[in-house]
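In: For reference, the sequence and a predicted model appear below.
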Amino acid sequence: MEGLVMKSTGSWYLVRTNDGELYRCRLRGKIKLKDLKVSNPVAVGDVVAFELEEGGESTGAIYQITERENYIIRKSTHKTAHSHIIAANIDRALLVVTLVSPRTSFGFMDRFLVTAEAYDIPVTLLYNKSDLYDAETAEYQQQILNMYAQIGYPGIICSTVSGQGLPEIQEILANHKTLFSGHSGVGKSTLINRLAPGLELKTNEISDYSDKGKHTTTYAEMFELAPDTFIIDTPGIKELGLVDIPKEELSYFFPEMRERLNLCKYYNCLHINEPNCAVLQDLKVGKISLTRYESYRSIMDETDNRR
Ligand SMILES: Nc1nc2c(ncn2[C@@H]2O[C@H](COP(=O)(O)OP(=O)(O)OP(=O)(O)O)[C@@H](O)[C@H]2O)c(=O)[nH]1
Ligand SMILES: [Zn+2]
């Protein structure tokens, strides 16, 4: 049988077949050995083949994992420890941000976007809590939206209070697997509940399966909103671990720099102080955003320090 992994606790997996049946599966021993660098060989979003286990009701053993289109990992902070696959086969990430209460920093947004570029996952930015804006903030918001949209990250201004933007978000979700991410307090949970009012009930159904008392909050979970429409929630995962990008390659993960790389005089230009640098020239005339450039430099400095 084949199914989609909806939930992973590290010791067992909730697998959903095409006809909507749920099975609680374990891993066959052989798969466990396959990839020693990750702490979990199977993640939410994986498509797996499994066999029913004798004796048990709706329990199975996973014996094969379909090759992933993409996946995101979180690197362990311990040097020796393994990486953790947060989710696989993601069509799009929605990053929920807010200009007010709390204010999401550009640094956080840009780090997320660089990581998503590295994983090849398209991102739409959701600017939430628009009901709290005054006229000035609304105008500023629109400028930020335009800037990010221009470099390839479309945005939706929304509010769970006024309902602004929610139909557009529904449209993006339909027939896809979408990852929801964002800082604590931006309204992620409220938004998901507004988009899928029936979900709380389903969440409870699924948690009946979970081992009582076991702490599973750092694992992502996938929910079905509508036929073939899934969202991946990442409770407790504040940010994606920034992939280790050598500084010579970092500008490749900034789309507005990537498209100018051929115009720099030096093929190995780092866009710091080189002569005839197309990035610096366009920064000067405002064609490249200063905050984006600052994020670029700041990520580069961090990479330097880590080495
Ligand atoms: N004014 C306003 N408040 C909102 C909006 N959306 C959410 N909130 C409030 O913001 C607070 C945080 O919302 P949550 O949904 O818990 O935020 P979260 O991102 O899920 O936070 P974590 O669960 O900590 O990750 C709550 O008090 C919500 O009622 C909105 O559109 N407008
Ligand atoms: Zn340059």
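Out: Happy to help now that I have it. Ligands and ions are numbered 1, 2, ... in the order given.

In: neighbours of residue 141, just the number please.
Out: Residue 141: 18 surrounding residues under other CB atoms under 10 Å. (Glycine included, C-beta is placed from N, CA and C.)

In: Equivalent analysis for residue 97, please.
Out: By the criterion of other CB under 10 Å, residue 97 has 25 neighbours.

In: I figured it hits residue 181, correct?
Out: No. Look at residue 97 against residue 181 with CB atoms under 8 Å: they stay out of range, at 9.7 Å.

In: And the residue of the stretch 1-150 of the chain closest to ligand 1?
Out: residue 129 (3.8 Å; CB to the nearest ligand atom).

In: Next one: that residue relative to residue 142, how far apart?
Out: Separation of residue 129 from residue 142 (CB to CB, to the nearest Å) stands at 15 Å.

In: do the same with residue 50
Out: From residue 50 to residue 142 the distance is 49 Å (CB to CB).

In: When these two are compared, which one has more neighbours?
Out: residue 50 (23 against 14).

In: Quick check: chain neighbours aside, which residue is closest to that one?
Out: Of all residues not flanking residue 50 in the chain, residue 60 sits nearest, at 4.0 Å (CB to CB, 6 or more residues apart in numbering).

In: which residues does the one you found contact?
Out: Contact analysis of residue 60 by CB atoms under 8 Å, 6 or more residues apart in numbering lists 1, 15, 23, 24, 25, 26, 50, 51, 52, 53.

In: Near ligand 1, list only the ones from these.
Out: Subset of these in contact with ligand 1: empty, counting by CB under 6 Å from any ligand atom.

In: Now pLDDT and secondary structure too, for the residues you listed, in TSV please.
Out: Formatted as TSV, these follow (pLDDT from 0 to 100; DSSP: H, G, I helix; E, B strand; the rest coil):
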residue	pLDDT	secondary structure
1	94	coil
15	95	strand
23	94	strand
24	94	strand
25	95	strand
26	92	strand
50	96	strand
51	95	strand
52	93	strand
53	88	coil
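
In: ok, which pair from these is furthest apart?
Out: Maximum pairwise distance among the contacts of residue 60 (CB to CB): 14.3 Å, between 1 and 26.

In: Which pLDDT value belongs to the residue nearest to residue 269 when sequence neighbours are not counted?
Out: Ranked by CB to CB, 6+ apart and with sequence neighbours excluded, the top spatial neighbour of residue 269 is residue 277, at 5.4 Å. Per-residue pLDDT puts residue 277 at 98.

In: what sits against residue 277?
Out: Counting by CB under 8 Å, 6+ apart, residue 277 has contacts 264, 265, 266, 269, 271.
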